[in-house]
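1. Structure of the sequence below:
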Amino acid sequence: MAFSSRNIKSEGDHNLYKAKGDQTRVIQRMTREERMAALDVKNNVVEKDSDDDLDSDWFDSSDDDSSDDYSESDPDASKSGSSDDDSDDEEGKVDKEETPAQKKKRLKKEAKKRRLANRPTYRDKFDDWRERRAKERRHPTLVYYEKLMRKEQRKADRLAEEAEDKRIEDEQIQREEWRQRQEDEDFLAYAKEVDEKRYRLDKARRTKEMENTMCRMTLFEKWDLENGVINRKRQKERDDKEKADKEADATLADTTFRKAKAHNAELLRLEQEADTQSALRTMRRAGMIAGVNPPKPDARGLPNETDIELLLKIKAKVEEEETKEEPMQQDSRSGRRAAIKQHQTKKKEKEKSHLEVELSRFRNVEKIQGSKLGALGVRYLITELVKGACPRLATLDLGWNRIGRQGVQFLSDGFKRKCCPNLVRLDLRANLLLPNALEVLMEGLNMGDVKLRVLDLRANALKDEGGCVVASLALTGAFESLEELHLQSNDIRSKGLWALFQAFQAVARDKLFPNMVHVSARYNKAAPDTLRQMRNCPPWIAF
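-> A predicted model of the protein is given here:
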């Protein structure tokens with residue numbers, strides 16, 4: 001609904017919204033007092049009349065139709081022609097007695113006075129008429145906003161009533177909670193009083209029982225002193241004899257045990273000495289340690305391309321002779337040809353194998369044993385295997401080659417590229433491997449889908465962390481195809497060995513590593529208590 005830009009200043013401004021012919025001209029009337037005051041000001045006349053005299057004309061009965069009613073209803077009053085002042089004078093006369101007629105006349109006069117006092121004046125009628133006309137001429141917008149204000153007021157009143165009801169309800173709830181809390185406190189006080197009373201009674205009863213018990217004990221001691229002296233003496237003699245016999249038996253058993261222990265220790269020492277000597281003889285024959293006047297090893301010839309086993313070494317570094325090249329002219333065609341030829345020669349030298357043998361020619365090799373390869377040799381080996389060399393390779397022995405974590409990273413990258421799809425045995429003993437290297441290796445084996453059966457990690461530096469890593473890998477199913485796992489001499493202590501024991505004793509071991517037949521973790525540094533706890537392990541686990 002569009003509204004005019006002009007503001008509604010008063011109730012009469014509704015004429016602005018009507019046609020000119022329909023507009024009503026409102027004449028503001030002046031009261032009698034205002035007219036008389038204006039005439040006095042105009043004629044310079046001083047006021048002599050009071051406000052009561054000016055207002056008396058408004059109550060003149062001659063101008064009102066009600067005067068006729070009063071004259072008709074009270075003919076005696078009209079005939080008498082007496083005024084209100086005469087009636088007051090008559091009432092003031094004490095000596096004259098009032099007759100019934102006079103009383104009736106007086107009551108009529110009083111009723112007339114009341115009617116005249118409550119009768120609406122011309123001014124009141126005019127104001128009522130003006131208010132009715134103003135309501136009829138009210139603008140619809142004002143009516144709408146008045147209704148809207150009344151609606152909002154009713155809404156505010158309703159919200160106030162709801163808030164008051166909620167406040168009263170909350171107060172009732174609080175009073176109820178307080179009453180319930182007071183009842184609980186009274187009950188707790190009563191229970192405490194009852195418990196205290198019961199405690200006093202129980203204490204008195206137990207005190208009396210204790211006194212009776214002490215009295216009985218005193219009597220028993222007295223009777224024992226009187227009647228049991230001989231029995232105690234005999235009992236003491238028997239006890240002393242039994243104690244002496246037990247001490248003699250314990251001394252004999254201790255002596256026998258010490259002798260047997262010393263004998264067993266001597267037998268064990270002799271057995272270990274024999275094993276040590278046998279191992280030393282074997283190692284001398286194998287050339288692992290120097291013996292007394294050992295024979296010189298036979299010179300090993302070059303391997304044949306049809307061999308199944310291959311000993312792999314890196315080429316010895318040959319010092320290249322420094323050749324001084326003559327400066328070539330860039331403009332000459334021969335100089336450019338020589339540069340191209342030299343670049344091709346260097347590229348071919350880089351592509352040549354850095355190993356002593358060319359692995360791509362050995363198609364039947366099933367076992368490769370590295371000799372002092374290091375991380376760089378493992379890199380060259382993996383490069384050749386990725387190219388397709390040795391497709392039948394089943395055993396890779398890289399023990400004692402000091403490949404470290406970098407070499408294991410090269411191995412993992414090669415396994416991811418499926419360089420050894422038929423590999424079943426991997427020997428990485430004594431290569432200074434740490435736990436993080438083990439994680440890298442198992443990641444490559446799992447991603448390359450290499451089905452290893454034997455994994456040898458002896459004589460490395462796995463320690464407790466490495467033992468926990470192996471246990472975690474076992475529980476994640478990384479050893480599903482593994483049959484043998486060797487972890488000897490890895491400085492694994494109680495924490496790592498206990499983790500391995502718990503992992504390989506898992507309930508789901510038939511699903512996680514169903515083919516496992518041997519797990520060895522001997523020659524580590526576990527505490528004796530931990531080893532005693534692991535005595536009941538199955539026979540295929542050795543700690």
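
2. What distance do you get for Arg158 to Lys372?
-> To Lys372, Arg158 is 98 Å away according to Cβ to Cβ, to the nearest Å. Just so you know, the C-beta spots here come from the backbone N, C-alpha and C atoms, and that holds for glycine as well.

3. do the same with Phe479
-> 30 Å.

4. between those two, which one's more packed in?
-> Phe479 (24 against 11; other Cβ atoms under 10 Å).

5. Confirm for me that that one is in contact with Pro514.
-> No: with contact defined as Cβ atoms under 8 Å, Phe479 does not count as touching Pro514 (9.8 Å).

6. Check which residues of stretch 377-395 are buried.
-> 377-385, 389-390, 393-395 (16 or more other Cβ atoms under 10 Å).

7. and those, which of them are in helices?
-> In this view, the buried residues of stretch 377-395 that belong to helices under DSSP state H are 377-385.

8. Just send those residues back as CSV, with pLDDT too.
-> Listed next are these as CSV, based on pLDDT from 0 to 100:
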residue, pLDDT
Gly377, 91
Val378, 93
Arg379, 92
Tyr380, 90
Leu381, 93
Ile382, 93
Thr383, 91
Glu384, 91
Leu385, 93
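
9. how about these in TSV, adding distance to Glu131?
-> As requested, those are exported to TSV (distance: Cβ to Cβ, whole Å):
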residue	distance to Glu131
Gly377	117
Val378	113
Arg379	111
Tyr380	116
Leu381	116
Ile382	111
Thr383	112
Glu384	116
Leu385	113
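
10. For Lys243, state which of those residues is nearest.
-> Val378 (72.9 Å; Cβ to Cβ).

11. If you drop the residues flanking it in sequence, what lies closest to that closest one?
-> Gly407 (4.0 Å; Cβ to Cβ, 6 or more residues apart in numbering).

12. State the helix or strand in which that neighbour lies.
-> helix 404-416 (DSSP states H and E).

13. again, but for Glu237
-> Going by DSSP H and E, Glu237 is in helix 229-286.

14. Return the next helix or strand after that helix as CSV; C-alpha atoms alone will do.
-> Counting by DSSP H and E, the next helix or strand C-terminal to helix 229-286 is strand 309-312. Output in CSV follows, covering the C-alpha atoms of strand 309-312 (Å, rounded to 0.1, in the frame of the first residue of the first chain):
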residue,chain,number,x,y,z
GLU,A,309,75.8,-70.6,-8.8
LEU,A,310,77.6,-67.3,-9.3
LEU,A,311,80.1,-65.4,-7.1
LEU,A,312,79.6,-61.7,-7.9
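
15. rewinding a little: would you point out the most distant pair within the ones in helices among the buried residues of stretch 377-395?
-> Gly377 and Leu385 (12.5 Å).

16. The helix or strand harbouring Arg167: how far from the chain's middle?
-> Using DSSP H and E, Arg167 maps to helix 140-227. Offset of helix 140-227 from its chain centre (Cα atoms, centre = their mean, to the nearest Å): 37 Å.

17. now it and helix 229-286, what's the angle there?
-> 110 degrees (axes from the mean of the first three to the mean of the last three Cα atoms, to 10 degrees).

18. average pLDDT across helix 140-227?
-> For helix 140-227, the mean per-residue pLDDT is 89.

19. what do you get for stretch 422-433?
-> 93.

20. Send me that stretch as CSV with only the CA atoms.
-> Extracted C-alpha coordinates of stretch 422-433, given in CSV (Å, rounded to 0.1, in the frame of the first residue of the first chain):
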residue,chain,number,x,y,z
ASN,A,422,61.1,-66.4,-8.5
LEU,A,423,63.2,-65.4,-5.4
VAL,A,424,62.6,-67.7,-2.4
ARG,A,425,65.7,-67.1,-0.2
LEU,A,426,67.2,-63.8,0.8
ASP,A,427,70.3,-63.6,3.0
LEU,A,428,71.2,-60.2,4.5
ARG,A,429,73.2,-61.2,7.5
ALA,A,430,75.9,-58.8,8.9
ASN,A,431,75.0,-55.8,6.8
LEU,A,432,74.5,-53.2,9.6
LEU,A,433,70.8,-53.0,9.0
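
21. can you pull out the strands in the stretch 301-450 of the chain?
-> 309-312, 367-370, 395-397, 425-427 (DSSP state E, counting those that start in this stretch).

22. so what strands line up beside the first one?
-> Just to be clear, that refers to strand 309-312. strand 367-370 (parallel) (DSSP bridges).

23. Other residues contacting the partner strand?
-> 308-313, 377-378, 381, 390, 393-399, 401 (Cβ atoms under 8 Å, 6 or more residues apart in numbering).

24. Likewise for stretch 391-400?
-> By Cβ under 8 Å, 6+ apart, stretch 391-400 touches 363-370, 373, 378, 385, 407, 420, 422-431, 456.

25. where's it relative to the chain centroid, distance-wise?
-> That offset, for stretch 391-400, works out to 50 Å (Cα atoms, centre = their mean).
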